[in-house]
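Colleague: take a look and give me a structure for this.
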Amino acid sequence: MLSPVRANVYLHAFDRAFLAYCRAPGLAARLVRYGADFVSLMRGGVTETRREVAQRVGRMELKLNEEKSRVVDARKGSFDFRGVTFGRKRSLRTGKVISLVEPARKAQQHFRDEVRTLTGRGSHSRRKGKWWSESSAMGEEG
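Modeller: Got it, this is the predicted structure:
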């Protein structure tokens, strides 16, 4: 696993090669990368581009994570990237199809778990080894 700074330096060559590859046949493509993770947004040539990406990454002595790598038609489905879900849905208010960006389910669950940990039983304030209560706040032992 690469650190984000090292990944930025190391994968800069990949960014340039990817964009040059897409420009040559006139593919409309965008590359979004954060650290060693990336998303390629394009309108065609997906199969060939995926092969080219695997080859270029392989030449850098890296490999694609096949579990996380997939092709999605973003007009019909959604995808998660760095804890965020990107997709398109019909607006309940206007009825138009809109782009939707929201925290991924896994990120939402992680947040809920953290809140439960911080606010669940056993996390209330303590005073002198006893639970803080209204009676102990008034100076009575409780």
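Colleague: which stretches in this structure count as strands?
Modeller: Per DSSP state E, the chain carries strands over the ranges 29-34, 37-42, 79-81, 84-90, 97-103, 126-127, 130-131.
Colleague: which residue packs closest to the residue positioned nearest the centre of the chain, ignoring adjacent ones?
Modeller: Closest to where the C-alpha atoms of the chain average out (C-alpha atoms, centre = their mean) is R82, at 1.5 Å. In this structure, R82 finds its nearest non-sequential neighbour in Y34, 5.5 Å apart by C-beta to C-beta, 6 or more residues apart in numbering. For every residue, glycine as well, the C-beta is placed using N, CA and C.
Colleague: picking up where we left off before, the residue nearest to the centre of the chain contacts D37, correct?
Modeller: Yes - between R82 and D37 there is a contact at 6.2 Å, judged by C-beta atoms under 8 Å.
Colleague: distance of P25 from E102?
Modeller: 34 Å (C-beta to C-beta, to the nearest Å).
Colleague: apart from its chain neighbours, what residue comes closest to A7?
Modeller: Using C-beta to C-beta, 6+ apart, the nearest residue to A7 is A36, at 4.2 Å.
Colleague: in terms of pLDDT, where does that neighbour sit?
Modeller: What the model reports as pLDDT for A36 is 81.
Colleague: could you say what helices and strands the lengthiest helix in the chain packs with?
Modeller: Criterion DSSP state H: the longest helix present in the chain is helix 4-23. Applying 3 or more C-beta pairs under 8 Å, 6 or more residues apart in numbering; DSSP states H and E, one finds that helix 4-23 makes contact with strand 29-34, strand 37-42, helix 46-59.
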